[in-house]
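Need coordinates for the following:
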Amino acid sequence: MPFRRQTRLSSQQQVTMLLPGMAFRKSASISCKLISSRRIHLSKMSASQVMVDGFQLNYEKAGAGSKVALCLPGALGSIKSDFGPQLSSLPGKDLTIVCWDPPGYGQSRPPPRKFSNDFLRQDARLAAQMMKNLGYDKYALLGWSDGGITALIMAAAFPQQISECVLWGANAYMTEKDIKIYKNIRDVSQWSERMRAPLEAMYGKEYFKDTWESWVDAYVKIYEEENGNLCRDCLDKITCSTLIIHGKKDPVVPIEHADYLHNNIKASKLVVIEDGKHNVHLRYAEEFNKIVAEFLNG
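As a prediction, this is how the structure comes out:
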């Protein structure tokens, strides 16, 4: 599908992509916009488990390439809900994709998910240790939403291991406006049945409700106790080539966050999808995968 590139000349590179004729269906609620394209995919690969610091972590691997990329899901996300189009199209003879279920999500249960003020930093540490246990000493990161924040923390903390970083729908801090958005989607009973169904099928109604509410409450607590800092202090430590993709119409993570990341990560490129919202990798999967593949192969 054709698009127009517009490049901003600076020490960093920004590319704006205009994808004509592509638009999301309008939704009455932010919750619909947040997870409207999440679907449980039936993977042809068998899941595997690895023990990391007392957690039995679930992962899947596809492809046979020497270049490796780790996929990091969003809030309450999993391999099966968040990366179906990437697992089916990105891997090949040149690229191996590894996806994990973070502790307490997907099939990385029990134990249930626990949220502390540093839960994303714990995810970063566990993900890095998992990759080490699997024998990978150099790999790229593909992180969506919460997974994008985890990717930023990993890129800063483990610069020798991370070759490239791709993130979308991510933020380094929270504002009062962000917290209002999270509070507005806390009550899952206000979501439509169609929006709840995939996550309720994966977790059960009670676990999904309790875990989602705990996730929102954790962000509110970080905002109140940590001045909204998620990983703002990490950005100047990121040295790997970084691709930031953002839907200009993302109702969950406003575009100011993508601009902030781009302006504060040295070797970064920003791609803005004009009609994109929070789930650009699912809604515009073919175009998204092409952008990522070009970046990783460049």
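
which non-adjacent residue is nearest residue 62?
In space, residue 62 comes closest to residue 91 once its chain neighbours are excluded; the distance is 3.9 Å by CB to CB, 6 or more residues apart in numbering. (Glycine included, C-beta is placed from N, CA and C.)

ditto for residue 106
In space, residue 106 is closest to residue 78, 2.8 Å off (CB to CB, 6+ apart).

Which strands or helices does the helix or strand where residue 179 lies pack on?
Residue 179 is located in helix 176-184, with elements delineated by DSSP states H and E. In terms of contact count using 3 or more CB pairs under 8 Å, 6 or more residues apart in numbering; DSSP states H and E, helix 176-184 is assigned the packing partners helix 205-225.

quick one, strands of the stretch 101-250 of the chain?
In the stretch 101-250 of the chain, the strands defined using DSSP state E, counting those that start in this stretch lie at 139-144, 162-168, 241-247.

just how off-centre is whichever helix or strand comes after the last one within its chain?
Sequence-wise, the next helix or strand beyond strand 241-247 is helix 256-264, with elements assigned using DSSP H and E. Taking the mean C-alpha point of helix 256-264 and that of its whole chain, the gap between them comes to 16 Å (CA atoms, centre = their mean, to the nearest Å).

List the contacts of helix 256-264.
Here helix 256-264 makes contact (CB atoms under 8 Å, 6 or more residues apart in numbering) with 12, 14, 152, 167, 170-173, 235-236, 244, 246, 268-270, 272.

average model confidence for the helix or strand that that helix is followed by?
Scanning forward in sequence from helix 256-264 by DSSP H and E, the next helix or strand is strand 268-273. On average, the pLDDT along strand 268-273 is 97.

Each with direction, which strands does strand 268-273 pair with?
Applying DSSP bridges, strand 268-273 is found paired with strand 13-18 (parallel), strand 241-247 (parallel).

worst-scoring helix or strand of this protein, pLDDT-wise?
Least confident element among the helices and strands of the chain, by mean pLDDT, DSSP states H and E: strand 4-8 (a mean of 32).

Distance check, the residue nearest to residue 144 when sequence neighbours are not counted against residue 270.
In space, not counting the residues next to it along the chain, residue 144 is nearest to residue 74; the distance is 4.7 Å by CB to CB, 6+ apart. Separation of residue 74 from residue 270 (CB to CB, to the nearest Å) stands at 19 Å.

How about residue 174, nearest residue that isn't a chain neighbour?
Looking at residue 174 with CB to CB, 6+ apart, the closest residue is residue 228, at 3.9 Å.

Next, give phi and psi for that neighbour.
Taking degrees, to the nearest 10, you get phi 80, psi 10 for the backbone angles of residue 228.
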